[in-house]
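# Have a look at this prediction, sequence included:
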Amino acid sequence: MTLLGWTQIILFCAIVAALTPVLGGYMTRIFAGERTFLSPVLQPVEVFLYRAGGIDPKREQHWLTYSIAMLLFHIGGFVFLYLLMRLQALLPLNPAGQSAVSPELAFNTAVSFITNTNWQNYGGESTMFYLVQMLGLTQQNFLSAATGIVLAMALIRGFARASAKTVGNFWVDMTRCTLYVLLPICVVFALFLVWQGIPQTLGDYVEATTLEGTKQTIAVGPVASQVAIKMLGTNGGGFFNANAAHPFENPNAISNFVQMLSIFVLGAALTNVFGRMIGDQRQGWAIFAAMGVLFITGVAVCYWAETNGTATLNALGLTGGNMEGKEVRFGIVASALFAVITTAASCGAVNAMHDSFTALGGMIPLINMELGEIVIGGVGAGLYGMLLFVIVTVFIAGLMVGRTPEYVGKKIEAREVKMAMLAILILPLMMLGWTAVAVVYPPAVASMANAGPHGFTEVLYAYTSQTANNGSAFGGLTGNTPFYNISGAVAMFIGRFWMIVPAMAIAGSLAEK
C-alpha cells in the first residue's frame, strides 16, 4: 500500500462526492418535468415520442399499472433481442460472418441484458456481430439502466407524496431518463473514449502480420459507444471477451479512472435526488455516507490483501504484491479499486481477473454482491435496495424502543416490512439454492475447472453475480452449457423483477399514506 495508491482512491471518492449534488439537482429537475439547458433541443423530440406512442405525459399511473407497463416493456425487449441473435446469420453488418446464436445461449443473453446483468457466456468479438451489438445489446444497455433509475424515482415519490394514488408514468419517466440523462452523457463520454484510443467503426476486422510472420485477425467495431453506456448504466457487458482488461475497451490509466467514475456517478446522485424530493437533503447524505463507509472498508481490505500477496508467493520471492491476472498498465491499486467499484455497483465490468485475486481480495467483490449491491449499487437499483434495508432497520428499531416505526414522516407498517423482506430474502434463495444444485448435479460439476473450495467459489460467485444482476465472473467455470444458461437466466430474472415488484408495492403503499 502506497501514498500514491491512497491518493488515487481519495481523489476518486472526492470527485464522486463533488458530482453527487450537481447531477442530483439536474436529475431532480428532469423528473419533475422542469426545463433544463437541454430542453430547447430535446423537448421537441420528447413531445414527438409521446405523440407517436399515444402517451399523455400528464396522466400518472398506479403502482400496479406502472409495474405492469415495465414488465410488458421488458418482455417485448426480450423477444426482440432473442430473435435478433437467432437470426444473426441472415442480417447485415456481419463482416466476420457470425452464425446464429444457439437457443440456450440466446435465451440466457437476452434475459441477461434486459435485467441489467450483462452476464456473458460467450466472447463478444467471436459471437456477436455489429448489428446485434448496437441494435440489441447497446439498446438494452440504455433501457435496462433507465428502468432502474425510473423505478427508484417511483419509490422516492412514494416517500415524498402524501395521500396519492399514483407514483408517476413509466413511459414518461423512461423517455426523460433516456433523452435527458443517459444519451447526452454517453455522447460526450463516447467521444472522450474515441480520443483515448477506443475504436468506433463499422469497418471489417483488421488483418495483421505478426513479427513471427503469422496472420492475425484484430477485432474492431462500434466499441466506444457501447463502452460508454455499459459503464454509465452499470451494465458491464464487454464488446470483447476480456472486457475492460482489453486495450480496445480500456487503453490507459486515464480511460480507466474515468470509467470507474462513470460507474458510480448516477447511483450516487440518486441519493441526492432522494434528499431533495423528500425535502431533507440530510437524509440523502446519510444514505450516501452509509454507502461510503461500506465502500471505503471494502477498498481498504481488497487493496491491502492484493498489495501483501500471499505467503506462497512471498516464499517464492514474488514480493511486491499479487500481480497475477492484472494488467501492468493499471497495477494493483487500480485493479483492486475497479473490482470493488464494479461489484459495489451492479456493473460487472472487470479490468482484472477476480479469479486470480487473493482469498481476502476476492472475498470483497463476493460480499458486495451478496449484500445486494447496495453500496451505491446499480443505477436506481442500489438506492431502492438500500431503502429496503432502511425500512427493515427503522421497523426493528421502532419495536425495540416501543415507538411506532416512522421514516421521513411515513409510518412503516406490516405491509411495507413484508414486501421489503420478500425482496431481500429472494436474493440468498437464488444465490445459495442454485449453487447447492450445481455442486451435486454431475453435468454442472463437469463445468468446474477447479476442485475443492476454489471450484465451489467459482459456482457460488456465478450465481451470486447473476442473481445480484452484476455480471462479473470469477472465472474457471464453463458457463455455456444448457444447465448454466437456463438456471442462470432464471436467477437473473428473479433477482431483478422479484425485487422490483415488492419495491413498487412499497412505493404505492407509502404514497397513499
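All right, it came through fine.
# Go ahead and confirm residue 291 touches residue 271.
Yes. Contact criterion CB atoms under 8 Å: residue 291 and residue 271 qualify, at 7.3 Å. For every residue, glycine as well, the C-beta is placed using N, CA and C.
# which residues of the stretch 251-400 of the chain fall in helices?
With DSSP state H, counting those that start in this stretch as the criterion, the stretch 251-400 of the chain has helices at 253-277, 281-308, 311-315, 331-344, 359-370, 381-401.
# right, so of those helices, which gets closest to residue 36?
Nearest to residue 36 among the helices of the stretch 251-400 of the chain is helix 253-277 (14.2 Å), distances taken as CB to CB.
# Tell me which of residue 291 and residue 271 has more neighbours.
Neighbours were counted for residue 291 and for residue 271 using other CB atoms under 10 Å; residue 271 has more, 28 against 22.
# In this model residue 289 seems to touch the more buried one, though I could be wrong.
No. Assessed by CB under 8 Å, residue 271 is found out of contact with residue 289, at 9.2 Å.
# Show the pLDDT at residue 496.
The model reports residue 496 with a pLDDT of 92.
# can you count the residues close to it?
26.
# so who does it touch?
Contacts of residue 496 were listed using CB atoms under 8 Å, 6 or more residues apart in numbering, and they are 115-117, 469.
# cool, and residue 113?
Contacts of residue 113 (CB under 8 Å, 6+ apart): 81, 136-137, 140-141, 144, 235, 237.
# Which one (most neighbours) among these?
Greatest neighbour count in the contacts of residue 113, by other CB under 10 Å, goes to residue 235: 32 neighbours.
# Now do the contacts for that residue.
113, 116, 118, 141, 144-145, 229, 347-348, 471.
# Tell me which of those residues fall in strands.
Nothing among these maps onto strands, per DSSP state E.
# which of those lies closest to residue 257?
Distances from residue 257 to the contacts of residue 235, taken as CB to CB, are shortest for residue 347 (14.9 Å).
# pretty sure that closest one contacts residue 265?
No. Taking CB under 8 Å as the definition, residue 347 is not a contact partner of residue 265, at 12.0 Å.
# could you flag which of the contacts of residue 235 are buried?
113, 116, 118, 141, 144-145, 229, 347-348, 471 (16 or more other CB atoms under 10 Å).
# What strand or helix carries the spatially most distant residue from the centre of the chain?
Here the chain reaches farthest from its C-alpha mean at residue 213, the gap being 41.8 Å by CA atoms, centre = their mean. Assessed by DSSP states H and E, residue 213 sits outside every helix and strand.
# List the residues that contact it.
Not one residue lies near residue 213 by CB under 8 Å, 6+ apart.
# okay, the residue lying closest to residue 503 once chain neighbours are set aside: pLDDT?
The spatially closest residue to residue 503, leaving aside those adjacent along the chain, is residue 384, at 4.9 Å (CB to CB, 6 or more residues apart in numbering). The per-residue pLDDT reported for residue 384 equals 88.
# ok, so what distance separates residue 384 from residue 201?
Relative to residue 201, residue 384 is positioned 38 Å away (CB to CB, to the nearest Å).
# What is the burial count for residue 481?
Number of residues near residue 481 (other CB under 10 Å) recorded here: 18.
# measure the nearest residue to residue 474 once chain neighbours are set aside to residue 255 for me?
Nearest residue to residue 474, sequence neighbours excluded (CB to CB, 6+ apart): residue 461, at 3.6 Å. Using CB to CB, one obtains 26 Å as the distance from residue 461 to residue 255.
# okay, these two: which has more neighbours?
residue 461 (27 against 20).
# Now do the contacts for that one.
354, 365-366, 473-474.
# which of the residues in the strand or helix carrying it are buried?
Of the helices and strands defined by DSSP H and E, residue 461 is found in helix 452-467. Going by neighbour count (16+ other CB under 10 Å), the buried part of helix 452-467 is 455, 457-467.
# any chance of the residues you listed in CSV, plus distance to residue 394?
Formatted as CSV, the buried residues of helix 452-467 follow (distance: CB to CB, whole Å):
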residue, distance to residue 394
455, 41
457, 35
458, 38
459, 36
460, 31
461, 32
462, 34
463, 30
464, 27
465, 30
466, 30
467, 26
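# Now the two most distant members of the residues you listed.
Within the buried residues of helix 452-467, 455 and 467 form the most distant pair, 19.2 Å apart (CB to CB).
# Could you check the angle the lengthiest helix in the chain makes with helix 452-467?
Secondary structure of the chain per DSSP state H: the longest helix is helix 482-512. For helix 482-512 against helix 452-467, the angle by axes from the mean of the first three to the mean of the last three CA atoms, to 10 degrees is 50 degrees.
# Taking helix 381-401 as reference, get the angle to helix 482-512.
60 degrees.
# buried set for helix 482-512?
The neighbour-count check on helix 482-512 (16+ other CB under 10 Å) flags 483-485, 487-489, 491-512 as buried.
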